[in-house]
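J.: sequence first, predicted model second:
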Amino acid sequence: MVKVEQLDVLVVGAGFSGLHFLQKLRKLNFNVKICEATSGIGGTWYIHRYPGARVDSDFPFYQFTQDDIWKGFQWTERFPGQQELEQYFEHVDRKLNLKKDIMFNTRVTSAQFCSSTNQWLVKTNNSEEITVRAKFIMLCVGFADRKYTPKFKGVDEFKGIVLHTSVWPKSDIDVVGKRVAVIGTGASGVQTIQEIAPKVDHLTVYQRTPNLALPMQQSSLLDQTNWKFPTPDQFQEIFDSTRSTFSGLDFNFIPLNGSGATHEQREAYFEECFRRGGFYFWIGNYQDIFTNAEVNDAAYQFWCKKTRSRINDPVKKEILAPTIAPHPFGTKRPSLEQRYYEVYNQSNVDIINVRKSPIIEVTEKGIKTEVEGEIEFDVIIFATGYDAQTGAILNVEIKNEFNESIEDKWRNGVLTNFGLSIASFPNIFFTYGPQAPTALSNGPACIEIQADWIIELLVKMRQDHKTKIVATEEAEAKWKEIVNGIWEKTLFPLADSWYQGANIPGKRRETLNFAGGIPMYISFLKDCSSDNYKGFEMS
Ligand code: N01
């Protein structure tokens, strides 16, 4: 028998966004539930279990800012690992009792809007055949729910273990003493490589583009010799400060142009950024680092000199940290690394530049490249990323009242209002998606800002007895112009990054991120709500 759930709000996904919506809307007496495809909470942090998985936003910014949540959880590292994040989400559940309103192992497969009831009819893959009717849908599917695996010839023929980092099993894969290949050197690749290198018999890394990775400067939060845990008042101040910085962390670009600094001044400041670690060298650098090619290249040359000094072999040096920048520094996300470059000084670690020696095929025994020929492996790891930002949304077949899908709508390019909603798709919102600060922001900060704005809107609609809201096409066109206009003034368009869909063959290359920073984004949202939600039609 088909079970029907009648909801005010259906939330899709139980990561940071989904849980935030659930607990806040529940307190406001909305009838709300989450459908979650997996069997646990934490979204990306429940799913991503590859070796060394760790967050790149530092303590205390990567958590919910509510004091009834952060109080009572003892983080142990400046940059927490996946297991600690998993424990954190269990702590959140213990505090807020969220799981009772989550339908686990239930992936939303499709949703159709019905204009006569102003409701969504939602289908899932749950074997109990649950049909959900909801007035609103919050798509909280994250930016990385559609993995990308290049279609190399012969992958199915490989007799060993082959897997993508995003599907690393809970039971773990034993790589000890094995011959392992890692394809891809983005954040997932860098973390996997530095973690498994000391354990494997032999590691071969297939790199297409060097990751301009930065020193993480990890530290323990348990040793408080040189610092003190913030007091509750300081915590609040810290969280408030994240709303006034570009990326939702507690530091900003410095209000100085690198173009106006001497070589010595620049070097001293770059050195300081390296010492601080994390993303200081990226988004705490000179304010013109992404607009002035000469300053950007000076940053690259500093990075290059530092990095090359850590690699012994001259050939590996040039592959990992070439003298000429592969793209403007920071226009592809730099990873945070712990001993990534030292790994290549181990005699059991090789790196192949697949731009010079492309992968021809995967064979029964290993991988064949043009120059090296066939190398045999026991395990091949694809760390090749995601159809980011749009893929996760398009994974769900969402159709409006005219039977048009979001895929149809975006065929000639992504269109959204504020990166939150889509014209002609009423009563559906998404967070941490395209045309928002997403990839250039600290996830929880961006998510709380977006979700709280949407929640305020739902409360207003309820007060005003409105049942339908939809963005206008005019507002969408204007937002796209704003997003593109900001992006085009920077060096970001020059990189083949997932920030603009360039990592997926055949995907449209376009601006997928709002690069104006968190404060500017907040002011756009505030202007809209204070102007009676201009750019939306409510009925
Ligand atoms: O994916 P990526 P990711 N042959 O797309 C290479 C977040 N994240 O999973 O650069 C050979 O960055 C590709 O090469 P190229 C974070 O926002 C966060 O690592 O396209 N190689 C690249 O090296 C991150 O940015 C954390 O030339 C091929 C790699 O595969 C985002 O997720 C941890 C290839 C893909 O890198 C995505 O990171 C993990 C081919 N045919 C992820 N195709 C933390 O917070 C692709 N590649 C720490």
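T.: Right, received. Where do you want to start?
J.: from now on I want contacts and neighbour counts done on CA atoms only, so please keep to that.
T.: Will do.
J.: ranges for the strands of the stretch 401-539 of the chain?
T.: Ranges of strands in the stretch 401-539 of the chain, per DSSP state E, counting those that start in this stretch, are 428-430, 469-471, 536-538.
J.: gap between the second one and the chain center?
T.: Spelled out, that is strand 469-471. 26 Å (Cα atoms, centre = their mean, to the nearest Å).
J.: output the contacting helices and strands for it.
T.: strand 536-538 (3 or more Cα pairs under 8 Å, 6 or more residues apart in numbering; DSSP states H and E).
J.: export the longest helix anywhere in the chain to CSV, keeping only CA atoms.
T.: In the chain, assigned by DSSP state H, the helix with the most residues is helix 443-463. Provided in CSV are the C-alpha atoms of helix 443-463 (Å, rounded to 0.1, in the frame of the first residue of the first chain):
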residue,chain,number,x,y,z
GLY,A,443,29.7,26.1,3.7
PRO,A,444,27.8,26.5,7.0
ALA,A,445,28.0,30.3,6.8
CYS,A,446,26.6,30.5,3.3
ILE,A,447,24.0,27.9,4.1
GLU,A,448,22.7,29.6,7.3
ILE,A,449,22.4,32.9,5.5
GLN,A,450,20.5,31.4,2.6
ALA,A,451,18.3,29.1,4.8
ASP,A,452,17.4,31.8,7.3
TRP,A,453,16.3,34.2,4.5
ILE,A,454,14.1,31.5,3.0
ILE,A,455,12.6,30.6,6.4
GLU,A,456,11.7,34.3,7.0
LEU,A,457,10.0,34.3,3.6
LEU,A,458,8.0,31.2,4.4
VAL,A,459,6.9,32.7,7.7
LYS,A,460,5.8,35.8,5.9
MET,A,461,3.8,33.8,3.3
ARG,A,462,2.1,31.9,6.1
GLN,A,463,1.1,35.2,7.8
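J.: what residues are up against R462?
T.: Shown here is R462, which makes no contacts under the criterion Cα atoms under 8 Å, 6 or more residues apart in numbering.
J.: for A423, see how far away it is.
T.: 21 Å (Cα to Cα, to the nearest Å).
J.: so which residues on the stretch 301-450 of the chain come close to the ligand?
T.: R333, A383, T384, G385, Y386 (Cα under 6 Å from any ligand atom).
J.: hmm, try it at 8 Å
T.: 332-336, 354, 358-359, 382-386, 388, 439 (Cα under 8 Å from any ligand atom).
J.: these in strands, which ones?
T.: Judged by DSSP state E, these include L336, I359, F382 as members of strands.
J.: okay if I get the residues you listed as JSON lines plus pLDDT, distance to D68 and neighbour count?
T.: Listed next are those as JSON lines, based on pLDDT from 0 to 100; distance: Cα to Cα, whole Å; neighbours: other Cα atoms under 10 Å:
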{"residue": "L336", "pLDDT": "98", "distance to D68": "30", "neighbour count": "26"}
{"residue": "I359", "pLDDT": "98", "distance to D68": "51", "neighbour count": "22"}
{"residue": "F382", "pLDDT": "98", "distance to D68": "39", "neighbour count": "23"}
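J.: can you lay out the residues you listed as CSV showing distance to T44?
T.: As requested, these are exported to CSV (distance: Cα to Cα, whole Å):
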residue, distance to T44
L336, 18
I359, 29
F382, 17
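J.: quick one, domains of this protein?
T.: Domain assignment for the chain, taken from automatic domain parsing, gives 3-41+98-146+387-538, 155-382.
J.: end to end, how far does the first one reach?
T.: Start and end residues of domain 3-41+98-146+387-538 are separated by 31 Å (Cα to Cα).
J.: please apply the same query to stretch 388-401.
T.: OK, stretch 388-401 end separation, Cα to Cα: 27 Å.
J.: i'd like the first residue to be 27 from this point on
T.: Okay, residue one is now 27; in that scheme the one you just asked about reads as stretch 414-427.
J.: for it, what is the distance to the chain centroid?
T.: 17 Å.
J.: just give the closest residue to F255, not the sequence neighbours.
T.: L247 (7.9 Å; Cα to Cα, 6 or more residues apart in numbering).
J.: give the contact list for that neighbour.
T.: W101, T102, E103, R104, F255.
J.: closest one of those to the ligand?
T.: Nearest to the ligand out of the contacts of L247 is R104 (Cα to the nearest ligand atom; 12.7 Å).
J.: local confidence estimate at that closest one?
T.: pLDDT, R104: 95.
J.: burial measure for it, as a count.
T.: R104 has 21 neighbours, counted by other Cα atoms under 10 Å.
J.: before we move on, what about F90?
T.: There are 20 residues near F90, going by other Cα under 10 Å.
J.: also V369?
T.: So V369, with other Cα under 10 Å, has 21 neighbours.
J.: you'd agree it is up against E363?
T.: No. Applying Cα atoms under 8 Å as the test, V369 and E363 come out as separate, 10.9 Å apart.
J.: can you put the strands of the stretch 427-565 of the chain in TSV and add mean pLDDT and mean neighbour count?
T.: Shown next, in TSV, are the strands of the stretch 427-565 of the chain (pLDDT from 0 to 100; neighbours: other Cα atoms under 10 Å):
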stretch	mean pLDDT	mean neighbour count
strand 454-456	98	24
strand 495-497	98	22
strand 562-564	98	17
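J.: residues from the stretch 77-226 of the chain in reach of the ligand?
T.: Counting by Cα under 8 Å from any ligand atom, the stretch 77-226 of the chain sits next to the ligand at 79-83, 170, 174-178, 191-192, 209-217.
J.: narrow those residues to those that are buried.
T.: Buried positions within these, assessed by neighbour count (16 or more other Cα atoms under 10 Å), are 79-83, 170, 174-175, 191-192, 209-217.
J.: what about these, which are in strands?
T.: Using DSSP E, those in strands are I209.
J.: excluding its backbone neighbours, what's nearest T175?
T.: Spatial nearest neighbour of T175, excluding adjacent residues (Cα to Cα, 6+ apart): T410 at 6.0 Å.
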